[in-house]
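>>> Please find the sequence and the predicted model below.
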Amino acid sequence: MQESWTYLLLVALGFLAGFLNTVAGGGTLLTLPILIFMGLPAPLAQGTNRVAILLQTFTAVRGFKSKGVSTYPFSLYVGIAALLGSIIGAYLALDFDGKAFNRMLAVVMIMVLFLTIFNPNKNLTNVTEKLTGKPLVISLIVFFFLGIYGGLINAGIGFLMLIALPYINGMNLLRSNATKVFVAFVYTIGAVAVFAFNDKIDYGLAAVLSIGNVSGAWFGSRWSVKKDEKVIKMFLIVTVTALAIKLWFFD
């Protein structure tokens, strides 16, 4: 039986995670530790967290669409590619070693921090979007592998998508964010199915966490539409830096 304050903390962290995942990424680094603190083994915590992410991303997609921001059908194509990868990744996650999990996540976050600071997309400000042909094929391949990572670990994948979409497809950050949450919604369906099939979801805690995640996603999807792209980019850099420091020194 959990203490009531732990449920309140779960909702609060879920709100922050939903907001972070919508405007940048990294929210899973907040919610996974608290679920493990509550006594859930890592695979069960992973599955429980994915339910909240599924509802969070659905809310974010609706939020962006209500503001007229959508990249459909491109987002569906890359979403399906990521979905196929996520099923593979989720099966790998069922028996993934905890130390290996932390080491892989640390490496990914350092790479993301490096790419964000040095910004490989800095010369792409006025580039026309490329959503068909060769760029689409490249994106399908990239997002298949991102899907594997999403099914396996998920934490920080938002940052990776926000690097890939502008660089490969010439999207601005706002449209990249809208695409990111749609893709995350699609591939999370596969991950949740795998975890559910293997009885790795605590539905009670998932419901509590989802309250926070959904609220944060609703707020984040509307907040990001109203903000200048430079504000979103600055938020991205600050978030990546903070999470990288936490991962290296306070894990």
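Now that the structure is in, tell me what you want to look at. What you are looking at is a predicted structure, and each value in this text was computed from that prediction instead of being measured. Numbering: from 1, shown residues only.

>>> for the stretch 101-250 of the chain, which spans come out with low pLDDT?
The model of the stretch 101-250 of the chain has pLDDT under 70 over residues 101-110, 112-127, 225-237, 239-250.

>>> what about 50?
Counting by pLDDT under 50, the stretch 101-250 of the chain contains no low-confidence segment.

>>> Could I get the full set of helices for the stretch 151-251 of the chain?
Along the stretch 151-251 of the chain, the segments classed as helices by DSSP state H, counting those that start in this stretch run 157-169, 173-197, 203-226, 229-249.

>>> For these, give me JSON lines that also has distance to residue 90 and mean neighbour count.
The C-beta positions use only the backbone N, C-alpha and C, and glycine is treated the same way. Conversion of the helices of the stretch 151-251 of the chain to JSON lines gives the following (distance: least, C-beta to C-beta, whole Å; neighbours: other C-beta atoms under 10 Å):
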{"stretch": "helix 157-169", "distance to residue 90": "13", "mean neighbour count": "24"}
{"stretch": "helix 173-197", "distance to residue 90": "4", "mean neighbour count": "24"}
{"stretch": "helix 203-226", "distance to residue 90": "15", "mean neighbour count": "21"}
{"stretch": "helix 229-249", "distance to residue 90": "22", "mean neighbour count": "16"}
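
>>> Of all these, which one comes closest to residue 143?
helix 173-197 (6.5 Å; C-beta to C-beta).

>>> To residue 18, which of the helices of the stretch 151-251 of the chain lies closest?
Once those are compared by C-beta to C-beta, helix 203-226 is nearest, at 2.6 Å.

>>> now the closest one: how far from the chain's centre is it?
With C-alpha atoms, centre = their mean, to the nearest Å as the basis, helix 203-226 stands 13 Å off its chain's centre.

>>> likewise stretch 162-178?
Relative to the centre of its chain, stretch 162-178 is centred 14 Å away, using C-alpha atoms, centre = their mean.

>>> returning to what we had before: got JSON lines for the helices of the stretch 151-251 of the chain, with distance to residue 53 too?
Putting the helices of the stretch 151-251 of the chain into JSON lines (distance: least, C-beta to C-beta, whole Å) gives the following:
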{"stretch": "helix 157-169", "distance to residue 53": "10"}
{"stretch": "helix 173-197", "distance to residue 53": "5"}
{"stretch": "helix 203-226", "distance to residue 53": "7"}
{"stretch": "helix 229-249", "distance to residue 53": "16"}
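
>>> of the ones you listed, which approaches residue 47 most closely?
Distances from residue 47 to each of the helices of the stretch 151-251 of the chain were compared by C-beta to C-beta, and the smallest falls on helix 173-197, at 3.1 Å.

>>> My guess is residue 161 contacts residue 179. True?
Yes - in this structure residue 161 lies within contact range of residue 179 using C-beta atoms under 8 Å: 7.4 Å.

>>> which residues do those two both contact?
Counting by C-beta atoms under 8 Å, 6 or more residues apart in numbering, residue 161 and residue 179 have no contacts in common.

>>> of all the helices of the stretch 151-251 of the chain, which lies closest to residue 138?
Shortest separation from residue 138 across the helices of the stretch 151-251 of the chain is recorded for helix 157-169, at 5.5 Å, computed as C-beta to C-beta.

>>> so what secondary structure elements neighbour that closest one?
Contact here means 3 or more C-beta pairs under 8 Å, 6 or more residues apart in numbering; DSSP states H and E; on that basis helix 157-169 packs against helix 98-118, helix 133-152, helix 173-197, helix 229-249.

>>> and the longest one with helix 157-169, angle?
Angle of helix 173-197 versus helix 157-169, following axes from the mean of the first three to the mean of the last three C-alpha atoms, to 10 degrees, is 130 degrees.

>>> mind checking how far helix 173-197 is from the chain centre?
Centre to centre, stretch against its chain (C-alpha atoms, centre = their mean), the figure for helix 173-197 is 8 Å.

>>> Run through the neighbouring helices and strands of that helix.
Counting contacts by 3+ C-beta pairs under 8 Å, 6+ apart, helix 173-197 is packed against helix 4-23, helix 42-66, helix 74-93, helix 133-152, helix 157-169, helix 203-226, helix 229-249.
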